[in-house]
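S.K.: Following is a predicted model, sequence given first.
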Amino acid sequence: MPVIDTRVLSQELGEHLNVLMARSVDHRALETLAVVLTIVFGVGGYMYYAIKYQSK
């Protein structure tokens, strides 16, 4: 499973979000994307924790 480098995410995500916010982008799409990513990483993180630590 690949590891996500949080430094890259925090730097590049901030730059991309600044560009998106500067343009007149429909913010519902950005909010939907944020909710989807939160759900995916939240559920995925819990599943990873449950499989790795609770199955011992």
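M.R.: Ah, there it is. Residues are numbered from 1 along each chain as shown.
S.K.: Give the residue spans of the chain that score low on pLDDT.
M.R.: Applying pLDDT under 70 to the chain picks out residues 1-6, 8-9, 20, 22-26, 55-56.
S.K.: So which bits of the helix ranked longest in it are buried?
M.R.: If you go by DSSP state H, the chain has its longest helix at helix 27-53. Neighbour counts over helix 27-53 (16 or more other Cβ atoms under 10 Å) mark no residue as buried. For the C-beta atoms, the positions are set from N, CA and C on the backbone; glycine is no exception.
S.K.: just how off-centre is it within its chain?
M.R.: 7 Å (Cα atoms, centre = their mean, to the nearest Å).
S.K.: Please name every helix or strand in contact with that helix.
M.R.: Using 3 or more Cβ pairs under 8 Å, 6 or more residues apart in numbering; DSSP states H and E, no helix or strand is in contact with helix 27-53.
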